[in-house]
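Trainee: what would the 3D arrangement of this be:
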Amino acid sequence: MRRFPRRPTDAGDPAHDACAADRLLTRRLDEALARPAAQQPCWPDPGRVGAVVEQLQQAEPIVAPEETARLADRLASVARGEAFLLQGGDCAETFADNTESHLRANLRVLSQMSAVLTQATGLPVVNIARMAGQYAKPRSNAVDASGLPVYRGDIVNSAEPTPAARTPDPHRMLRAHAHAAEAMDVVRRVGAGGVYVSHEMLLLDYERAGLWADACGPATRLTSGLAHFLWIGERTRQLDGAHIAFAELMSNPIGLKIGPGVTPELAVEYVERLDPDATPGRLTLVSRMGHGRVREVLPPIVEKVNASGHQVVWQCDPMHGNTRVSGNGFKTRHFDQVVDELAGFFEVHRALGTHPGGIHVEVTGEDVTECVGGASGITEHELPTRYRTACDPRLNAEQSVELALAVATMLAGRRADVQEGP
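Mentor: Residues are numbered from 1 along each chain as shown. A predicted model of the protein is given here:
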């Protein structure tokens with residue numbers, strides 16, 4: 001792997017062919033980034049953005065290419081029904097919470113959930129943390145209720161409600177990279193070598209700065225040194241947009257969030273664009289339908305994609321489609337609705353004979369009160385007690401393990417059906 005882009009060389013230089021491939025990739029990248037890009041900040045000084053991107057391009061990668069290649073192999077196993085994918089962590093990481101104690105707590109709860117799933121099913125579990133880069137957040141509105149620019153994550157601006165703090169600052173990308181590198185050091189130091197890191201591929205100025213040329217495959221592509229796994233969110237999945245075009249150039253495994261507005265035909269278009277070589281596990285389709293719609297909307301999508309011949313990973317995000325505002329004004333999710341969407345997801349795959357490949361959840365190892373319900377019976381009245389999320393509500397440690405137990409029961413039932421056969 002080599003830094004990207006390289007300086008041009010003469011035709012007689014041994015690196016000429018590599019540089020020619022780089023120039024082609026540069027042109028394709030420029031074309032991708034010229035497309036409309038949703039959810040990007042309005043930087044007040046584009047010149048400062050360019051200077052920051054140049055600095056980031058000289059930084060060492062946060063993840064190693066051999067790690068990303070191992071994850072690709074493991075996701076292929078998930079796509080074939082031989083493993084299960086557990087992805088989880090903070091909704092939005094913050095600079096203030098990038099402490100070893102917080103990171104250890106989140107890694108610990110993922111480990112506990114993974115152990116529950118493995119013990120109940122015997123399936124290997126692939127663990128991907130929402131960690132070491134989840135600093136950008138898409139938002140529904142450009143301004144908040146006070147008329148200030150909306151908080152878009154610590155990589156862009158501050159949650160502090162002042163005009164100065166909410167002004168997008170490109171130097172925050174440098175801070176985000178430094179914090180992400182520190183978080184990755186913790187992942188390696190605590191011995192979590194089987195944990196991969198991921199974040200939403202949202203802020204394209206940051207993402208383009210972390211690209212390296214990867215010639216390991218049949219053709220030179222781009223790999224991100226910022227994360228092992230990147231996903232495209234529900235708000236940035238426009239077929240003619242920059243995020244999809246950017247992801248087409250990547251060799252990293254890619255995830256795509258799909259909500260109830262996605263038709264089976266559109267799902268196949270995404271699959272053909274993002275998995276052109278039909279590589280098992282290259283693409284993870286993350287359904288986020290809501291507990292009331294998953295049983296209706298998901299089946300024809302699964303059927304149509306499977307008929308296309310692509311082996312994708314089917315993953316369920318039971319959090320985002322079940323978000324609501326509580327009576328006392330807190331954004332929350334009800335544990336029972338989260339479980340019900342997962343139950344619907346498993347029912348769909350059970351009926352179709354396909355593999356429910358994984359879950360994608362917002363969780364923390366800390367004792368927060370952000371989601372209601374669960375065995376502890378958190379009520380709306382208790383939400384203000386320890387409501388600490390920077391954006392969306394997370395399951396706490398107890399709720400997370402309880403969720404894993406519920407999923408393990410569903411997955412064990414699915415495994416029993418497969419083993420018994422018709």
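
Trainee: got phi/psi on Val211?
Mentor: Heads up, residue 211 is Leu, not Val. Backbone torsions for Leu211, taken as degrees, to the nearest 10, come to phi -90, psi 140.

Trainee: go on, Ala213?
Mentor: Main-chain torsions, Ala213, degrees, to the nearest 10: phi -80, psi 130.

Trainee: count the neighbours of it for me.
Mentor: By other Cβ atoms under 10 Å, 21 other residues sit near Ala213. For every residue, glycine as well, the C-beta is placed using N, CA and C.

Trainee: surely it is in contact with Ala21?
Mentor: Yes: proximity of Ala213 to Ala21 meets the contact threshold set by Cβ atoms under 8 Å, at 7.4 Å.

Trainee: which stretches of the stretch 151-300 of the chain have low pLDDT?
Mentor: The model of the stretch 151-300 of the chain has pLDDT under 70 over residues 192-193, 215-220.

Trainee: excluding chain neighbours, give the residue nearest to Asn396 in space.
Mentor: Leaving aside its sequence neighbours, Asn396 sits nearest to Val368 (Cβ to Cβ, 6 or more residues apart in numbering; 4.9 Å).

Trainee: now do Val197
Mentor: Closest to Val197 by Cβ to Cβ, 6+ apart is Ala132, at 4.2 Å.

Trainee: mind checking which helix or strand the one you found is in?
Mentor: Per DSSP states H and E, Ala132 falls between elements, in no helix or strand.

Trainee: OK, contacts around it?
Mentor: The contact partners of Ala132, taken as Cβ atoms under 8 Å, 6 or more residues apart in numbering, are Ile62, Val63, Ala180, Ala181, Ala183, Met184, Val187, Val197, His199, Ala227.

Trainee: switch to 10 Å and redo it
Mentor: Residues counted as contacts of Ala132 (Cβ atoms under 10 Å, 6 or more residues apart in numbering) are 62-63, 89, 93, 98, 103, 176-177, 179-187, 195-199, 226-228.

Trainee: low-confidence ranges in the stretch 301-422 of the chain?
Mentor: In the stretch 301-422 of the chain (pLDDT under 70), the answer is 414-422.

Trainee: where along it do the strands fall?
Mentor: For the stretch 301-422 of the chain, applying DSSP state E, counting those that start in this stretch gives strands covering 313-316, 323-325, 331-333, 358-362.

Trainee: quick check: the closest residue to Val338 other than its chain neighbours vs Leu85, distance?
Mentor: Distances taken as Cβ to Cβ, 6+ apart place Pro318 nearest to Val338, at 4.5 Å, with adjacent residues excluded. Here Pro318 is placed at a distance of 14 Å from Leu85 (Cβ to Cβ, to the nearest Å).

Trainee: joint contacts of the two?
Mentor: Shared contacts of Pro318 and Leu85 (Cβ under 10 Å, 6+ apart): Ile359, His360.

Trainee: distance of the residue nearest to Arg388 when sequence neighbours are not counted relative to Met131?
Mentor: Once flanking residues are discounted, Arg388 sits nearest to Val368: 5.3 Å by Cβ to Cβ, 6+ apart. For Val368, the distance to Met131 (Cβ to Cβ) stands at 17 Å.

Trainee: got it, and Thr332?
Mentor: For Thr332, the distance to Met131 - Cβ to Cβ - is 23 Å.

Trainee: what about those two, which has more around it?
Mentor: Relative neighbour count places Met131 above the other of Thr332 and Met131, with 27 against 23, counting by other Cβ under 10 Å.

Trainee: okay, the more buried one: pLDDT?
Mentor: pLDDT for Met131: 98.

Trainee: just checking, it touches Asp185?
Mentor: No: the criterion here is Cβ atoms under 10 Å, and Met131 misses it with Asp185 at 11.7 Å.

Trainee: identify the contacts common to the two.
Mentor: Shared contacts of Met131 and Asp185, counting by Cβ under 10 Å, 6+ apart, come down to Leu103.

Trainee: in this structure, where's the longest helix?
Mentor: helix 397-420 (DSSP state H).

Trainee: got the buried residues for that helix?
Mentor: By 16 or more other Cβ atoms under 10 Å, the buried positions in helix 397-420 come out as 397, 399-404, 406-408, 410-412, 414-415.

Trainee: closest to Lys304 among these?
Mentor: Among these, Arg414 lies closest to Lys304 (Cβ to Cβ), at 21.2 Å.
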